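# Compute the structure for the input listed below.
(chains A and B)
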Protein chains: 2
Amino acid sequence: MWQLYQFPLCPFSRKVRLLLGEKGVGYELVRESPWERRDEFMDMNPAGQTPVMVDASRGVAPLIDSMAICEFFEETVEKAAMINGTATNRAEIRRLVTWFDTHFYRDVTGPLLHERMVKRLAHRAAPDAKGLREAMKAAVGHLDYMDYLLDHRNWLGGATMSLADLAAAAQISVTDYLGGIDWKGHDQTARWYRGFKSRPSFRPLLSERMELISPPAHYDNVDF
Amino acid sequence: MWQLYQFPLCPFSRKVRLLLGEKGVGYELVRESPWERRDEFMDMNPAGQTPVMVDASRGVAPLIDSMAICEFFEETVEKAAMINGTATNRAEIRRLVTWFDTHFYRDVTGPLLHERMVKRLAHRAAPDAKGLREAMKAAVGHLDYMDYLLDHRNWLGGATMSLADLAAAAQISVTDYLGGIDWKGHDQTARWYRGFKSRPSFRPLLSERMELISPPAHYDNVDF
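Presented below is the predicted three-dimensional model:
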């Protein structure tokens, strides 16, 4: 059985979990708080980040880095291909995965997690209002870009659901949990996200809670 | 003919160029200075980063993001497979590509480029000594990790040369150009890098110069 090292608000673990859910791959969760930099975890992954996946019964090295993990399951489990289509389609899907993993995370999810979660759990400190304001402003720009993509395509990466949608839903869901999204004026993205929220792969994530931090009332409501 | 938008010290463009060189894919260079945020370039790539690859004769969308570009050519050009081996080997190669693209870049190449290149070209300002010192200190830690990997493997990602080596050589070469590496005490990595420097895919990169910035004398010497 695969073990997935993660914490409930890790957007990169959420992306992997959505993929495993769509593909029907079983796993159990192991709670890891990477900001504690636990020795055993740092030995396993020198980058010190979740997710990491381990299957002791296979006797192989751990899988590290969320994109490497997604490519691994995409290569080894045929069901529900999520990097699909022509080589050009696949390049566009991978471009968007990087966009959400890197740019959305750097501008929005990362700062929100730092202000609202890490500061509270690790330093017992209050969030900085300026940092929160900037992240929420950046979220508007990112949602505008998603609206634009969804004006031109059925799904973010093209005609069918892909890893680009899973990467985006993972970041959006953590941002929404942390109260970072004002949905007004983003009808296309809200419609796309409502569809996601009712998927069986997504339901387990929405029912989890992070200690000490409560989501807004609309967070797990499918008809928000 | 493919066109590659880049500047001589872009480590991500160098990774792509090393891959294209190994695979024997022809291309022409288009000079782009992403820190200028030229409108036409931002329209093409909202992330505002090099490399971007365009082939007008194909009538398809540009290829954006260095990893998406590498995966594209890995999928479409069989020669010189660089994400090779079993699914587990391939996951390890991709983990290390992320390591060099993200962590090495964040700790070493990115700060050095900012201090020694962007400040000079865009702001006509001098580098900050503290920033340079920290990047060079981080470089030592990264070279120690590479030494460790090369103590256990023929190449960084395993038994054969892979995209992990190309990603590492790209970051190292830019860092070395900017005077950020003290090679003393890093024999394994120095030996590995000497081998790289004599590859036909690498020679064109080593002979290029960035305006206003000169590399140290040993930079393009194969027997440094």
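# check contacts around A:A68.
If you count contacts by Cβ atoms under 8 Å, 6 or more residues apart in numbering or on different chains, A:A68 has them with B:A91, B:E92, B:R94, B:R95, B:T98. For every residue, glycine as well, the C-beta is placed using N, CA and C.
# got CSV for the residues you listed, with neighbour count, distance to chain A and pLDDT too?
Formatted as CSV, the contacts of A:A68 follow (neighbours: other Cβ atoms under 10 Å in any protein chain shown; distance: Cβ to the nearest Cβ, whole Å; pLDDT from 0 to 100):
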residue, neighbour count, distance to chain A, pLDDT
B:A91, 28, 4, 98
B:E92, 25, 6, 97
B:R94, 28, 4, 98
B:R95, 23, 5, 98
B:T98, 20, 5, 98
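# close to chain B, is the longest helix anywhere in chain A?
The longest helix of chain A (DSSP state H) is helix A:129-152. Yes. Applying Cβ under 8 Å from any Cβ of the partner chain, one finds that helix A:129-152 is in contact with chain B at A:Y145.
# what helices or strands is that helix leaning on?
helix A:110-113, helix A:187-197 (3 or more Cβ pairs under 8 Å, 6 or more residues apart in numbering or on different chains; DSSP states H and E).
# Could you dump the contacts of A:A68 into CSV with secondary structure and distance to B:E22 added?
Shown next, in CSV, are the contacts of A:A68 (DSSP: H, G, I helix; E, B strand; the rest coil; distance: Cβ to Cβ, whole Å):
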residue, secondary structure, distance to B:E22
B:A91, helix, 21
B:E92, helix, 19
B:R94, helix, 17
B:R95, helix, 20
B:T98, helix, 20
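# Next one, pLDDT for A:F224 please.
A:F224 is assigned 81 on the pLDDT scale.
# Not counting its neighbours along the chain, what's nearest it?
Of all residues not flanking A:F224 in the chain, A:H218 sits nearest, at 3.9 Å (Cβ to Cβ, 6 or more residues apart in numbering or on different chains).
# Could you pull up phi and psi at that neighbour?
Per-residue torsions, A:H218: phi -80, psi -10 (degrees, to the nearest 10).
# ok, and what's touching the one helix or strand in chain A whose mean pLDDT sits lowest?
Within chain A, confidence by mean pLDDT, DSSP states H and E is lowest for helix A:119-123 among all helices and strands, at a mean of 90. Helix A:119-123 is contacted by residues A:S33, A:W35, A:E36, A:A125, A:A126, A:P127, A:E211, A:L212, A:I213 when judged by Cβ under 8 Å, 6+ apart.
# and with 10 Å instead?
Applying Cβ atoms under 10 Å, 6 or more residues apart in numbering or on different chains, the external contacts of helix A:119-123 come out as A:7, A:33, A:35-36, A:113-114, A:125-128, A:131, A:210-213.
# taking those residues one by one, which sit in helices?
Per DSSP H, the subset of the contacts of helix A:119-123 in helices is A:L113, A:G131.
# Apply the buried test to the contacts of helix A:119-123 and list what passes.
A:F7, A:S33, A:L113, A:H114, A:P127, A:M210, A:I213 (16 or more other Cβ atoms under 10 Å in any protein chain shown).
# what does stretch A:53-60 rub up against?
For stretch A:53-60, contacts defined as Cβ under 10 Å, 6+ apart pick out A:1-6, A:13, A:16, A:20, A:25, A:27, A:30, A:44, A:61-64, A:66, A:68-69, A:72-73, B:86-89, B:91-92.
# Inside strands: which ones of the residues you listed?
Using DSSP state E, A:W2, A:Q3, A:L4, A:Y5, A:Q6, A:Y27, A:V30, A:L63, A:I64 are the members of the contacts of stretch A:53-60 that sit in strands.
# Distance check, the residue nearest to the third one when sequence neighbours are not counted against chain B.
This points to A:L4. The shortest distance from A:L4 to any residue other than its chain neighbours is 4.9 Å, reached at A:Y27 (Cβ to Cβ, 6+ apart). Counting by Cβ to the nearest Cβ, to the nearest Å, the gap from A:Y27 to chain B is 16 Å.
# Could you count how many residues lie near A:Y27?
17 (other Cβ atoms under 10 Å in any protein chain shown).
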